[in-house]
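K.L.:
just coords:
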Ligand code: AMP
């Protein structure tokens, strides 16, 4: 997760973070805040990156990541990522990077005279490093990230072809909700301004659901509705699971109005988020707990990353 100015939203939570929390009981997890990655788009606003990074790490802990089970760290605290980045950048053909659709999109988004940097072009190489340096089984991400993982696999294959088998073929690990809809019916994304944020206030969440997009053909309470395109039903399906079938049936039959449907959805959502939001406030008053988790995590991450680099240097016949 990148430490941008905006907060983690329910899409980030449902697509990735919730799965991390679940998986930490079965696997060793490496969960990091990608602060170097933030430089690709925030090079003129670096003063907030540290504060934002600590905030994202606190969000991880509040969401249930347990630093006793999982390795939580800042990318910039593990300098081994930078060494492998140099080596991978020699292995990666330029054409692969120029063809990445997000490079083209981000380049177009750059304002005014700003030129795309070498770092922006090399972003997928750094992402491949972040993943492969821990030689993982898989990467738990949302559906939108699946194409990005393909280039990581290609870099690993090319390295292995040139220097022998060092890196595994990583798997995509998707959650039950790999793509959550935002309040306007499109993918939930900070770019669209349609997010419900994991750690906003209950009042903010309530207000957003009140004005959320529903079936435009359902004008009166008794009109039959179409839950499939409704952003409120998408939330019912996740946060009001036991009643989702009834909600769907009543909506289709014209037996439920959108106002009460939104109220029911809001209550279910706030109830689910209450323990996380409470824990977030507790962590706020104990910032040392976050710093300690990050320190311990960086030590463990360095242990694994430096071992991978020993193997890489040996495979490449470097000293
Ligand atoms: P981002 O902040 O877009 O880099 O996303 C961080 C993580 O959240 C990635 O694993 C994304 O795939 C996941 N994610 C972002 N938006 C959504 C969404 N609307 N639904 C499911 N997962 C998402």
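P.N.:
Now that the structure is in, tell me what you want to look at. Keep in mind the model is a prediction, meaning the values are calculated, not measured.
K.L.:
C-alpha only now, for contacts and for neighbours.
P.N.:
Fine.
K.L.:
Please report how far residue 26 lies from residue 1.
P.N.:
From residue 26 across to residue 1, the span is 21 Å (C-alpha to C-alpha, to the nearest Å).
K.L.:
wait, isn't residue 224 in contact with residue 248?
P.N.:
No - using C-alpha atoms under 8 Å, residue 224 is not in contact with residue 248; the gap is 10.4 Å.
K.L.:
what's the domain layout of the protein?
P.N.:
Segmentation of the chain into domains, based on automatic domain parsing, reads 10-179+287-315, 190-280.
K.L.:
before we move on, the earlier item: more crowded one of residue 26 and residue 1?
P.N.:
Higher neighbour count among residue 26 and residue 1: residue 1, with 19 against 9, using other C-alpha atoms under 10 Å.
K.L.:
so how far is residue 55 from the more buried one?
P.N.:
Residue 1 is 11 Å from residue 55, by C-alpha to C-alpha.
K.L.:
helices and strands around the helix ranked longest in the chain, which ones?
P.N.:
Counting by DSSP state H, the longest helix found in the chain is helix 287-315. The contact analysis (3 or more C-alpha pairs under 8 Å, 6 or more residues apart in numbering; DSSP states H and E) places helix 287-315 against helix 49-63, strand 71-74, helix 80-91.
K.L.:
For residue 155, which non-adjacent residue is closest in space?
P.N.:
residue 92 (6.3 Å; C-alpha to C-alpha, 6 or more residues apart in numbering).
K.L.:
Next one, pLDDT for that neighbour please.
P.N.:
We have a pLDDT of 97 for residue 92.
K.L.:
Flag every residue of the stretch 101-250 of the chain that's near the ligand.
P.N.:
141, 142, 143, 144, 145, 178, 179, 180, 181, 187, 188, 189 (C-alpha under 6 Å from any ligand atom).
K.L.:
Going by residue numbers, what spans are helices in this structure?
P.N.:
Ranges of helices within the chain are 10-12, 18-23, 35-42, 49-63, 80-91, 94-98, 101-109, 118-132, 146-163, 202-210, 231-239, 244-252, 258-284, 287-315, based on DSSP H.
K.L.:
separation between residue 123 and the ligand?
P.N.:
Counting by C-alpha to the nearest ligand atom, to the nearest Å, the separation of residue 123 from the ligand is 12 Å.
K.L.:
what does residue 257 give?
P.N.:
Going from residue 257 to the ligand by C-alpha to the nearest ligand atom gives 26 Å.
K.L.:
How about that residue, nearest residue that isn't a chain neighbour?
P.N.:
Excluding its sequence neighbours, the residue lying closest to residue 257 (C-alpha to C-alpha, 6+ apart) is residue 221, at 4.1 Å.
K.L.:
now swap in residue 202 and tell me
P.N.:
residue 270 (6.7 Å).
K.L.:
what's around residue 79, how many residues?
P.N.:
Neighbours of residue 79 (other C-alpha under 10 Å): 14.
K.L.:
do the same with residue 91
P.N.:
Per other C-alpha under 10 Å, the neighbour tally for residue 91 reads 15.
K.L.:
what does stretch 137-155 contact?
P.N.:
Contacts of stretch 137-155 with the rest of the structure, by C-alpha atoms under 8 Å, 6 or more residues apart in numbering, involve 12, 15-16, 19-20, 88, 91-92, 96, 124-125, 127-128, 131-132, 168-175, 177-179.
K.L.:
among those, which ones are buried?
P.N.:
Listed as buried from the contacts of stretch 137-155 are 12, 15-16, 19-20, 88, 92, 124-125, 127-128, 131-132, 168, 170, 172-175, 177-179; burial here means 16 or more other C-alpha atoms under 10 Å.
K.L.:
before we move on, the earlier item: tabulate the helices and strands packed on helix 287-315 (TSV), appending distance to residue 118.
P.N.:
TSV is the format used below for those (distance: least, C-alpha to C-alpha, whole Å):
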stretch	distance to residue 118
helix 49-63	20
strand 71-74	22
helix 80-91	11
